[in-house]
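Chemist: just a sequence and a predicted model for now, questions to come.
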Amino acid sequence: AFCFEGQGNRTTPSGWAKRQNQLTVSRPLYNYLVMQLSGYRHSSPHSLDTTFAALADPTRRAILARLASGEASVTELAEPFVMSQPAISKHLKVLERAGLISRGQDAQRRPRRLEARPLAEANQWLEAYRRYWEQNFQRLDALLGEMKSKQQRITQTPGHKRHQKLRSGRGDHR
């Protein structure tokens, strides 16, 4: 946050501080108009944010990769990692809050299983950008192909300097 408290500022109860004709904030100030996704089509942007935040950690991605092969207990999930079981449990809570995994009940065990919906939503969101970039690369390929064929036509024209040098044997042989 933008906090200048304790440096000779006067701070109002609302959190605003005045310092030599400058207005500063002693706590975070957000532009809620920017933060709201009005006009964008997505059913639950919060869940998408939560999904990507959960996927940002390599340990959590490894846990999801393990769960892709079937459900597992906390002990089984903790096995390949050099960290405590409480640390693994914290990662599992993050994944559960994001809806990426769920907890079952099998007698004394509480196996975790992968949930497909949040990953499908993230994939759908990413797919739109993949199509966008694929179209751009296709246009770039077409442009480069056009430029290459144009260059080949120019170099094969009898009046072109490179063509004349090659015919006389004086051309550079690269």
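Modeler: Ah, there it is.
Chemist: which stretches of the protein form strands?
Modeler: Shown for the chain, the strands assigned by DSSP state E span residues 10-11, 16-19, 22-25, 101-103, 112-114.
Chemist: which one of those strands has the poorest average confidence?
Modeler: Lowest mean pLDDT of the strands of the chain: strand 10-11, a mean of 47.
Chemist: what about residue 49, neighbour count?
Modeler: 11 (other C-beta atoms under 10 Å). Where C-beta positions appear, they are placed from N, C-alpha and C, glycine not excepted.
Chemist: any stretches of the protein with poor pLDDT?
Modeler: Applying pLDDT under 70 to the chain picks out residues 1-46, 160-174.
Chemist: and the lengthiest helix in the chain, what other elements does it pack with?
Modeler: Ranked by residue count, the top helix of the chain under DSSP state H comes out as helix 116-155. Helices and strands touching helix 116-155, by 3 or more C-beta pairs under 8 Å, 6 or more residues apart in numbering; DSSP states H and E, are helix 45-55.
Chemist: may I have the helix it packs on exported as PDB, CA atoms only?
Modeler: Included here for helix 45-55 are C-alpha records, laid out as PDB according to Å, rounded to 0.1, in the frame of the first residue of the first chain:
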ATOM      1  CA  PRO A  45     -14.100 -15.000 -13.300                       C
ATOM      2  CA  HIS A  46     -13.300 -15.600  -9.700                       C
ATOM      3  CA  SER A  47     -13.100 -19.300 -10.200                       C
ATOM      4  CA  LEU A  48     -10.800 -18.800 -13.200                       C
ATOM      5  CA  ASP A  49      -8.500 -16.600 -11.100                       C
ATOM      6  CA  THR A  50      -8.500 -19.100  -8.300                       C
ATOM      7  CA  THR A  51      -7.700 -21.900 -10.800                       C
ATOM      8  CA  PHE A  52      -4.700 -20.100 -12.300                       C
ATOM      9  CA  ALA A  53      -3.500 -19.100  -8.800                       C
ATOM     10  CA  ALA A  54      -3.600 -22.700  -7.700                       C
ATOM     11  CA  LEU A  55      -1.900 -23.900 -10.900                       C
END
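Chemist: please shift the residue numbers so they start at 4 in all later answers.
Modeler: With the count now opening at 4, the last piece we talked about shows up as helix 48-58.
Chemist: show me what counts as buried in that helix.
Modeler: 50-51, 53-54, 57-58 (16 or more other C-beta atoms under 10 Å).
Chemist: next: stretch 109-119.
Modeler: Neighbour counts over stretch 109-119 (16+ other C-beta under 10 Å) mark 114-115, 117-118 as buried.
Chemist: from these, pick the one nearest residue 70.
Modeler: Of all the buried residues of stretch 109-119, residue 70 sits closest to residue 117, with 4.1 Å by C-beta to C-beta.
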